[in-house]
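In: Give me coordinates for this.
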Amino acid sequence: MERLDKIIASTGRWSRREVKSLIRQGKVLVDGVPPRSGEEKADPERVRISVNGTEIAYRRYTWVMLNKPAGYLSATEDGRGKTVLDLLPPELQRQKLFPVGRLDKDTEGLLLLTNQGGLAHDLLSPRHHVDKIYYTRVSGHLTEEDCRAFAAGMTLDDGLVCLPAGLEILSAGERESEARVTLREGKFHQIKRMLAQLGKPVVYLERIAMGNLTLDPELARGEFRFLTEKEVELLQKA
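Out: So this is what the prediction gives:
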């Protein structure tokens, strides 16, 4: 059971003060009956709540899939430039969503945002072995020796210790190569640093999957959609 004003405000469309005003004006109905105040409690998964004649869609937690474009910071706020939250409408910006992990400013692709801290933490923890899969283009000719270096785990010249990772060569040209990279951790600029040490600097990087969840091909760069209940279940299983 939760307070009515909290339930309605959790949609991000109204503040609690605005909800109280709507209730006083008789514009809120709970199972067809006007509530006396916003302090009344209800089970949001059992009652039907409407505001201005439209039933609200309640989510205990919000999960969003974003196809991140280059140029946006994976942060909730940052004085250095635009963040991924700037790509969301105001009602979602008010729901205290945060990115599940980070993508570099110039890295594109799958980025999840949520307000469910526990599951987000589990998805990022190396001990839970949730794969993060990337597509990359690099300068230079990738070799099987590079794949073996990734599989063995790498200690970089700056002291960073990287867990064993996957490097699958998709194409290997003399000047440029393509590959799929699989990580179970996400240290700062990790893929770029690993490939740079092998002498194959990254030209382009895109995250295409996390666990059992793949970037929706229908989402254009900068677009987002809510995860389905089945997709959230897949993340929980991962």
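
In: List the beta-bridge partners for residue 134.
Out: residue 181, residue 207 (DSSP bridges).

In: That one: what's it in contact with?
Out: 109, 180, 181, 182, 183, 191, 205, 206, 207, 208 (Cβ atoms under 8 Å, 6 or more residues apart in numbering). Backbone N, C-alpha and C define where each C-beta goes, glycine included.

In: what's the spacing between the fifth one and residue 89?
Out: The span separating residue 183 from residue 89 equals 31 Å under the rule Cβ to Cβ, to the nearest Å.

In: Those two: which has the busier surroundings?
Out: When neighbours are counted by other Cβ atoms under 10 Å, residue 183 and residue 89 differ, and residue 183 comes out ahead with 22 against 10.

In: who touches stretch 218-229?
Out: Contacts to stretch 218-229, defined as Cβ under 8 Å, 6+ apart, come from residues 59, 62-69, 87-88, 108, 112-113, 213, 216, 235.

In: Produce a ChimeraX select command limited to the buried residues of those residues.
Out: Burial among the contacts of stretch 218-229 is assessed by 16 or more other Cβ atoms under 10 Å; the matching ChimeraX selection reads:
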select :59,62,63,64,65,66,67,68,69,87,88,108,112,113,213,235
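
In: In strands, which of the contacts of stretch 218-229 fall?
Out: Using DSSP state E, the subset of the contacts of stretch 218-229 located in strands is 63, 64, 65, 66, 67, 68, 108, 112, 113, 213.

In: Could I get the pLDDT score of the fifth one?
Out: Confidence per residue is given as pLDDT, and for residue 67 that number is 98.

In: any idea which residue sits dead centre in this structure?
Out: residue 112 (1.1 Å; Cα atoms, centre = their mean).

In: one step back: quick check: the two most widely separated of the ones in strands among the contacts of stretch 218-229?
Out: 63 and 108 (19.8 Å; Cβ to Cβ).

In: can I get the CA coordinates of the lowest-mean-pLDDT helix or strand in the chain in PDB?
Out: In the chain, no helix or strand scores lower on mean pLDDT, DSSP states H and E than helix 90-93, which sits at a mean of 83. This file holds the C-alpha atoms of helix 90-93, laid out as PDB (Å, rounded to 0.1, in the frame of the first residue of the first chain):
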ATOM      1  CA  PRO A  90      10.400  15.800 -18.900                       C
ATOM      2  CA  GLU A  91       8.100  13.200 -17.200                       C
ATOM      3  CA  LEU A  92      10.800  10.600 -17.400                       C
ATOM      4  CA  GLN A  93      13.600  13.000 -16.300                       C
END
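
In: How about residues contacting that helix?
Out: Counting by Cβ under 8 Å, 6+ apart, 11, 12, 13, 62, 64, 85 sit against helix 90-93.

In: partner strands of the helix or strand just after that helix, parallel or antiparallel?
Out: Counting by DSSP states H and E, the next helix or strand C-terminal to helix 90-93 is strand 98-99. Partners of strand 98-99 in the sheet, by DSSP bridges, are strand 108-114 (antiparallel).

In: Also compute the angle for the next helix or strand after the partner strand relative to strand 108-114, please.
Out: Later in the chain than strand 108-114, the nearest helix or strand by DSSP H and E is helix 117-124. Going by axes from the mean of the first three to the mean of the last three Cα atoms, to 10 degrees, helix 117-124 is angled at 150 degrees with respect to strand 108-114.
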